[in-house]
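>>> Following is a predicted model, sequence given first.
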Amino acid sequence: MAIPGLAILLAISPAMKRISTYLKMRVLGAIDFAEGASIQQRIKTVSAMTFHDEDHVPHRFTWRTIQTWLTRYKKHGLTELKSRRRSDTGKPRKVSPEQLLEAIETVKPLFREKSLLPRLVYKACVEKGLLRPEEVSQTSFYRITKEFDLLVAEGQTDRKKRLAFAKAHANDMWQADTLCGPMVKTKDGIVMARLIAFIDDASRVVAHGQFFAAENVDTLIQAFRTALYKRGIPQQLYVDNGSVYASKEMALICSRLGILLSHTPVRDGAAKGKIERLFRTVRECFLSRQLDLSSLEALNRQFIEWLEHDYNGHAHSSLGMKPIDRFGLDLKRIRFLPPDPVNDELFFLEEDRRVSKTNTFQLHRILFEAPADVRGHQVQVRFDRLNFDHFHVVVYFKNERLGLATPLDLVSNDRPPRSTARYFAE
């Protein structure tokens, strides 16, 4: 008689409190003596009753709550009825510190450094639509910004004791970040170029660096993809908590390649010391030059030439040798992407889809036929988010590639059904 349900608790007491196991068992015991021809009716009868806890505080519970307690008790016994401490106790539940920091950094140019008053910053974030009052109240904003020093200059918040470290081998770990570059002409006007770069921790080789008109998930994936083809696959990628680096797409790509994606603590930019030192060198030795800023292509040509000859090909003070030579010492240990025509799919966006009884699923309002018989099952569908191609939608089932899905053709399907075996064993 297991009955599924989702717990919703209503208390008649002035303040909500944790419900004891004793009171839950009293509620469940009342089901056996309640009026009703079925278990469902008896539960609804009990939901209309009032129960008093050990402190004589009255409580009444919805029938869905009672259903859930009964189901858990039948499956797991008394242990499952014991109240558990929330896993997110003491943590912000609607807005993370990283989201607050991103909003604060956006409105910071509107204020002088000494006028970053929490009340004014919060108001500016709300007015610009970066935060919503229903997601984070002014009081919560004050508390979180104070706890994580979000309104204090970054150089004044670093109280951590740091030890110099370096990975033992090339591609043990990459660090990545974004640098605000010069103003560059584009077809959409003059924009601030953004440099996305990846540096190897052990050899100091810059796996790849490229200027873009914007920093977003698409430009990050493009730069990451080029770095992987050029320098192989790292074991770990160390990045900050920016929205693009913490995106679902980056997590999926790293998971597919077996890369450990790690994030620095909030407001701890110094944790990525090597990429920060690289950006300092870029400012002092590259951006200080007389550069051709007529286009992003021209800027990137100049940067790649400087990067390969003056940085990767020049002796590094801490290594005593060229970064590219140090990288070459571990060449036999490096794992490269194998030559495979389906490598592009590693960088595709992935979504879950339920396959219907007709072996079809919908994506971007288009019906597709699955490449194998997986009716009634959930599959993973990969596709290029930038250049969506109806004829390059890939279907995976149980981590195995089934093949390309095809747009549904009702006319072609007007034929006797094929006698094909199901893809999986029932």
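In hand now; what should we look at?

>>> hey, where'd the strands end up in the stretch 301-426 of the chain?
Using DSSP state E, counting those that start in this stretch, the strands assigned to the stretch 301-426 of the chain run over residues 349-354, 360-363, 366-369, 378-383, 393-397, 400-407.

>>> Could I get these in JSON lines, plus columns for distance to Leu28, mean neighbour count and mean pLDDT?
For glycine as for every other residue, the C-beta is placed from the backbone atoms N, C-alpha and C. Converted to JSON lines, the strands of the stretch 301-426 of the chain look like this (distance: least, CB to CB, whole Å; neighbours: other CB atoms under 10 Å; pLDDT from 0 to 100):
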{"stretch": "strand 349-354", "distance to Leu28": "35", "mean neighbour count": "15", "mean pLDDT": "90"}
{"stretch": "strand 360-363", "distance to Leu28": "41", "mean neighbour count": "18", "mean pLDDT": "92"}
{"stretch": "strand 366-369", "distance to Leu28": "47", "mean neighbour count": "17", "mean pLDDT": "92"}
{"stretch": "strand 378-383", "distance to Leu28": "34", "mean neighbour count": "19", "mean pLDDT": "92"}
{"stretch": "strand 393-397", "distance to Leu28": "41", "mean neighbour count": "20", "mean pLDDT": "92"}
{"stretch": "strand 400-407", "distance to Leu28": "44", "mean neighbour count": "15", "mean pLDDT": "90"}
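
>>> between the ones you listed, which gets nearest to Ile275?
Ile275 lies closest to strand 349-354 among the strands of the stretch 301-426 of the chain, at 26.3 Å (CB to CB).

>>> relative to strand 400-407, how tilted is the closest one?
Counting by axes from the mean of the first three to the mean of the last three CA atoms, to 10 degrees, strand 349-354 lies at 80 degrees to strand 400-407.

>>> name the helices or strands packed onto strand 349-354?
Counting contacts by 3 or more CB pairs under 8 Å, 6 or more residues apart in numbering; DSSP states H and E, strand 349-354 packs against helix 248-257, strand 360-363, strand 378-383.

>>> now do 6 Å
When contacts are defined as 3 or more CB pairs under 6 Å, 6 or more residues apart in numbering; DSSP states H and E, strand 349-354 packs onto strand 378-383.

>>> hmm, back to that, mind checking which of the strands of the stretch 301-426 of the chain is nearest Glu308?
Nearest of these (CB to CB): strand 349-354, 31.7 Å.

>>> Pairing partners for the closest one, with directions?
Strand 349-354 sits in its sheet next to strand 378-383 (antiparallel), going by DSSP bridges.

>>> who touches the partner strand?
Identification of contacts with strand 378-383 by CB atoms under 6 Å, 6 or more residues apart in numbering yields 345, 348, 350-355, 363, 393-397.

>>> could the residues you listed be laid out in TSV, adding distance to Tyr229?
Output for the contacts of strand 378-383, formatted as TSV (distance: CB to CB, whole Å):
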residue	distance to Tyr229
Glu345	14
Phe348	16
Glu350	21
Glu351	25
Asp352	28
Arg353	30
Arg354	35
Val355	34
Leu363	28
Val393	24
Val394	20
Val395	25
Tyr396	22
Phe397	28
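
>>> and those, which two are the farthest apart?
Largest separation among these by CB to CB: Glu345 and Arg354, giving 21.1 Å.

>>> end-to-end on stretch 183-197?
By CA to CA, to the nearest Å, the extent of stretch 183-197 from end to end equals 18 Å.

>>> Quick check: what element follows the lowest-mean-pLDDT helix or strand in the chain along the chain?
Every helix and strand of the chain was ranked by mean pLDDT, DSSP states H and E. The lowest is helix 154-157, at a mean of 55. Counting by DSSP states H and E, the element after helix 154-157 in chain order, helix or strand, is strand 174-186.

>>> Packing partners of the next helix or strand after that next one?
Counting by DSSP H and E, the element after strand 174-186 in chain order, helix or strand, is strand 189-200. Here strand 189-200 touches strand 174-186, strand 206-212, helix 217-231, helix 273-281, going by 3+ CB pairs under 6 Å, 6+ apart.
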